[in-house]
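Asks: Make a model of this:
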Amino acid sequence: MSVKGELRFIGVVEKAGEQEAIVRIFPEFCAGLKGIQDFSHIIILYWMHLRDKEEERQTLLVFPKKHAWNVETGVFACRSPSRPNPIGLCVVELVKVEECNLIVKGLDALEGSPIVDIKPYIPRADSVPNARVPKWTTQGPPT
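Replies: Numbering: from 1, shown residues only. You can find the predicted model right below:
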């Protein structure tokens with residue numbers, strides 16, 4: 001079964017960087033930022049546009065990079081950028097809001113990456129203490 005939907009990008013990564021990044025929200029979505037400044041962290045969903053190729057979208061098994069173990073796993077069990085829908089997710093620190101721009105720390109998206117959505121990070125809903133994970137995920141990068 002193949003069902004298609006419509007996706008509307010709400011912004012773009014203007015500047016990517018190890019320290020701070022700038023996420024520009026398009027004017028027609030800027031009102032949706034009301035109240036976001038009250039959160040220290042937000043969740044950014046973005047489109048991994050450089051992986052939006054048919055061959056990358058066919059990838060279902062990968063060897064996660066940057067981890068101590070070389071274990072083949074399914075794309076839905078890891079954070080590989082090659083996947084049927086190249087959607088990235090990153091929890092970032094919200095430094096400040098300047099009109100329709102979000103200044104954030106910790107964004108792993110590249111410059112030019114379209115923004116799919118933004119959600120507030122709410123610890124009681126988004127943090128799961130004692131979550132079970134495979135051993136290979138305990139070493140390496142945070143994502």
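Asks: what does stretch 78-94 rub up against?
Replies: Contact with stretch 78-94 is made by 21, 36-37, 39-49, 51-52, 56-60, 62, 64, 75-76, 102-109, 113, 116, 121, 126, 143, as judged by C-beta atoms under 8 Å, 6 or more residues apart in numbering. Yep, even glycine has a C-beta here, placed from its N, CA and C like the rest.
Asks: Could you give me the buried positions within it?
Replies: Neighbour-count burial for stretch 78-94, counted by 16 or more other C-beta atoms under 10 Å, picks out 78-83, 86, 88, 90-92, 94.
Asks: Could you tell me the end-to-end distance of that stretch?
Replies: Length of stretch 78-94, first residue to last, C-alpha to C-alpha, to the nearest Å: 25 Å.
Asks: With stretch 70-80 instead?
Replies: The first residue of stretch 70-80 is 13 Å away from its last residue (C-alpha to C-alpha).
Asks: and that stretch, what's its mean pLDDT?
Replies: Averaged across stretch 70-80, the pLDDT comes to 87.
Asks: Mind listing what's buried along that stretch?
Replies: Per 16+ other C-beta under 10 Å, stretch 70-80 contains these buried residues: 73, 75, 78-80.
Asks: same thing with stretch 8-23?
Replies: For stretch 8-23, by 16+ other C-beta under 10 Å, it's 10-13, 16, 20-23.
Asks: Of the residues you listed, just say which sits nearest to Phe29.
Replies: Taking C-beta to C-beta as the measure, Phe29 lies nearest Ile10 of those, at 4.3 Å.
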